[in-house]
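Student: Give the three-dimensional model of this entry:
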Amino acid sequence: MGMNKVYAIIGPPASGKSSIVKQLLNHHGIAGLVSHTTRPPHEDEREGIDYYFVDKNTFANLNLVEKVTYSGQFYGLSKEEVHNKIQSQPISVVDIDEAGLEQLEKLLRERLESIYILVDKDVILERFLLQGKNADEIRLSIEYAESQGEFNNWKIADHVVKNTGDLAAAVRQVLAIMNI
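Tutor: Sure, this is the predicted structure:
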């Protein structure tokens, strides 16, 4: 039996990262690293499964691996969450950006492997349109992703999985990387 591992799922927006992670959590019994957020829960979200919902004061006192601000709300992954999962779960998964990946690498070293979800810009555009985004929202998302180097992060990943639209095939590739 090998050591417990965390698999970080990285890639550009609309690449299917969160859909792949949901499949891994719901159908394959893999543990997810759960982030904290200051935003209120959506109707279908559950405490401790989707997020830990906390106030801004509590959030400010967390020992975080990474922190993101989006629409005036804070999101972050705590070191405590990472340590708890790495000690209690053989395999955990997290959808994270490059900055968060760098911090996790420092914390976990050989216990971390990264998987880049590769998708071409035409597919991203199609997915954004299906999500109901307008041209300005799409342009801003793609420009932000380009400025953050999200289309080139495959170069820093341990593995690359192409997600052309067959979600089940992409999930099977990720499971193969995890030896499941």
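
Student: CA atoms for contacts and neighbours, from now on please.
Tutor: Will do.

Student: Skip the chain neighbours and tell me the closest residue to residue 86.
Tutor: Nearest residue to residue 86, sequence neighbours excluded (CA to CA, 6 or more residues apart in numbering): residue 4, at 5.9 Å.

Student: show me what contacts the one residue sitting closest to the centre of the chain?
Tutor: Central residue of the chain (CA atoms, centre = their mean): residue 95, 0.8 Å from the mean position. Counting by CA atoms under 8 Å, 6 or more residues apart in numbering, residue 95 makes contact with 8-10, 17-18, 21.

Student: before we move on, back to that, check the contact between the residue nearest to residue 86 and residue 83; I expect there is one.
Tutor: No. Judged on CA atoms under 8 Å, residue 4 makes no contact with residue 83 at a distance of 10.8 Å.

Student: So for those two, which residue has more residues nearby?
Tutor: Neighbours were counted for residue 4 and for residue 83 using other CA atoms under 10 Å; residue 4 has more, 16 against 13.

Student: Which residues are in contact with the more buried one?
Tutor: Counted by CA under 8 Å, 6+ apart, residue 4 has contacts 86-87, 89-91, 111.

Student: Tell me what the residue nearest to the centre of the chain is bridged to.
Tutor: For residue 95, the beta-bridge partners under DSSP bridges are residue 9.

Student: For it, give its distance to residue 12.
Tutor: 11 Å (CA to CA, to the nearest Å).

Student: so where's this protein uncertain?
Tutor: 1-2 (pLDDT under 70).

Student: What segments of it are helices?
Tutor: For the chain, applying DSSP state H gives helices covering 17-28, 56-60, 79-88, 98-108, 121-130, 135-147, 167-177.

Student: List the buried residues in the last one.
Tutor: Neighbour-count burial for helix 167-177, with 16 or more other CA atoms under 10 Å as criterion, is recorded at 170-171, 173-174, 177.
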